[in-house]
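Peer 1: A predicted structure for the sequence below; I have some questions about it.
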There are 2 protein chains.
Amino acid sequence: MSFTCDAVRRRAPDERPHQILEAALEIFGEHGLVGARLEDIARRAGIAKGTIYLYFPNKEALFREVIRQTVIDRLDRLAVDLSADPDASAAVQLDACMAQWWNYLRAEPYRTVYRLVVSELQRFPDLVEFYSAEVLTRGNRLIGGVIARGVAHGEFRPIEPYAAARMLSAMFITHSLWMGPNQSFMPTLHELSPDQVFAQLRDFACHALRPIPEPTA
Amino acid sequence: MSFTCDAVRRRAPDERPHQILEAALEIFGEHGLVGARLEDIARRAGIAKGTIYLYFPNKEALFREVIRQTVIDRLDRLAVDLSADPDASAAVQLDACMAQWWNYLRAEPYRTVYRLVVSELQRFPDLVEFYSAEVLTRGNRLIGGVIARGVAHGEFRPIEPYAAARMLSAMFITHSLWMGPNQSFMPTLHELSPDQVFAQLRDFACHALRPIPEPTA
DNA sequence: GTGTAAAGTGACTGACCAGTCAGTAATCAG
DNA sequence: CTGATTACTGACTGGTCAGTCACTTTACAC
């Protein structure tokens, strides 16, 4: 009495981990770590529950890998390429950074991972650390570096560059979270397109960094 | 064989709901909605599990009440009193707002509630809505109002006041979350005192709002 | 073909826990 | 002091699910 409906068994044990992780991200994203059922993850991946245990020792390990892999995988695609135009003004470079960063943060996998990390930060301090090191610190260094250059050139006002970068990250990440497909977190926010919100973020950032004029008298 | 260790039974059915909610906030905060055990909540409240069901119909209802009551209770203490000094400059009023807001957001109950709301936003859109209306929108209106006045007086540059207020909220809330007792989310952030971080937030905000100088030529 | 190893399955088990309820203890009215 | 009422208790039940494992299926070598 064993009908495997699709007749696809033993198809590529190399792809399994990836399939499982993808399905797991969705289910964990919907139900959280504790609420997710391994059976559902298996079903969404098109395999049986037991198969998961061929590739991951237990639920918690699977969860950790979901976070790790999603972060790593997404980062590879975030190729903020500043070397293309190393002599551009800091303002132009910062613009490019912010635009890419905004795209990155708005993608569903990123948002899901951030939510999961925030949810579980009590129980998995090491995951928070990993996430923080790979995503936040990396972004911070990139943006902070550009700001530092701008400050040095007098393009931006004097400010601690990495503190400023932190402010930008906070604004961007939170707006990405708040703009999710769910109920709007803020009045008027769900009426705006991502591009309009980006314009607001950009505007605020630029004005916070613009130089202080010399006293003319 | 019934030792109730403290011999305090039937003591104040009026206080029970509050006791239970307080214990529940802690346990939910540590383990999330699904992971929290009602038995643990009962123990922390110093009562038996069954007693919870005298006051709340089930776990989910208890969770909802935890969020509702914590938000409402905390808001009562957030008496941002601008009427005391209605003629102060917008900058001074904004300073007062930000300081109070920062204190409010940094308190443990607020941080726990925010984390829980973010964790469960998939499953409880109505809770998100409640939270958003009571906390975020309220804060937004207050701060947005002050900024609007500042813009009208020429104290601040022209900017959509509620968008600006949203930027401030994003910065403040995220920094409060990141500064938690857990592992630091950002390098260098855990080395700073709350006051220092507040100074950075304040500095960034002020410069983002400062007026654009007239062209002198 | 036949045999063997690798990959996958899903019924099963044991732990866990939300929610129940028969019973116990405190309190109070008369 | 007695009986009635209200507050509380915690052993128990039924359902759920992580994790296991004896078995089936596929792939591949010869």
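Peer 2: Sure thing, it's come through.

Peer 1: Touching, A:Asn140 and A:Ala164? I think so.
Peer 2: No: with contact defined as C-beta atoms under 8 Å, A:Asn140 does not reach A:Ala164; the gap is 9.9 Å. In short, each C-beta sits where N, CA and C put it, glycine included.

Peer 1: in chain A, what residue is nearest DNA strand C?
Peer 2: Going by C-beta to the nearest atom of the strand, DNA strand C is nearest to A:Gly50 of chain A, at 1.9 Å.

Peer 1: I'd like to know how many residues surround that residue.
Peer 2: Neighbourhood size, A:Gly50 [other C-beta atoms under 10 Å in any protein chain shown]: 9.

Peer 1: The residue nearest the centre of chain A: which element?
Peer 2: Nearest to the geometric centre of chain A sits A:Tyr110, at 3.4 Å (C-alpha atoms, centre = their mean). Element membership for A:Tyr110, per DSSP states H and E: helix A:108-119.

Peer 1: Next, the buried residues of that helix.
Peer 2: Using 16 or more other C-beta atoms under 10 Å in any protein chain shown as the test for burial, helix A:108-119 gives A:Pro109, A:Tyr110, A:Arg111, A:Thr112, A:Val113, A:Tyr114, A:Arg115, A:Leu116, A:Val117, A:Val118, A:Ser119.

Peer 1: who are the neighbours of that helix, in terms of helices and strands?
Peer 2: In terms of contacts (3 or more C-beta pairs under 8 Å, 6 or more residues apart in numbering or on different chains; DSSP states H and E), helix A:108-119 is packed against helix A:16-35, helix A:59-77, helix A:125-131, helix A:161-178, helix B:108-119.

Peer 1: one more time with 10 Å, if that's ok
Peer 2: Applying 3 or more C-beta pairs under 10 Å, 6 or more residues apart in numbering or on different chains; DSSP states H and E, one finds that helix A:108-119 makes contact with helix A:16-35, helix A:59-77, helix A:90-106, helix A:125-131, helix A:161-178, helix B:16-35, helix B:108-119.

Peer 1: The host helix or strand of A:Asn140: how far from the chain's middle?
Peer 2: A:Asn140 belongs to helix A:138-152 when assigned by DSSP H and E. Mean C-alpha position of helix A:138-152 versus that of the full chain (C-alpha atoms, centre = their mean, to the nearest Å) differs by 19 Å.

Peer 1: Stretch A:33-52 too?
Peer 2: With C-alpha atoms, centre = their mean, you get 24 Å for stretch A:33-52.

Peer 1: So which bits of the helix or strand where A:Ala199 lies are buried?
Peer 2: For A:Ala199, the element it lies in under DSSP H and E is helix A:194-209. Within helix A:194-209, the residues scored as buried using 16+ other C-beta under 10 Å are A:Val197, A:Phe198, A:Gln200, A:Leu201, A:Arg202, A:Asp203, A:Phe204, A:Ala205, A:His207, A:Ala208, A:Leu209.

Peer 1: can you tell me which of the residues you listed are up against DNA strand D?
Peer 2: The subset of these within reach of DNA strand D, by C-beta under 7 Å from any atom of the strand, is empty.

Peer 1: how about these, which pair is most distant?
Peer 2: Spanning the widest gap among those are A:Val197 and A:Leu209, at 18.8 Å by C-beta to C-beta.
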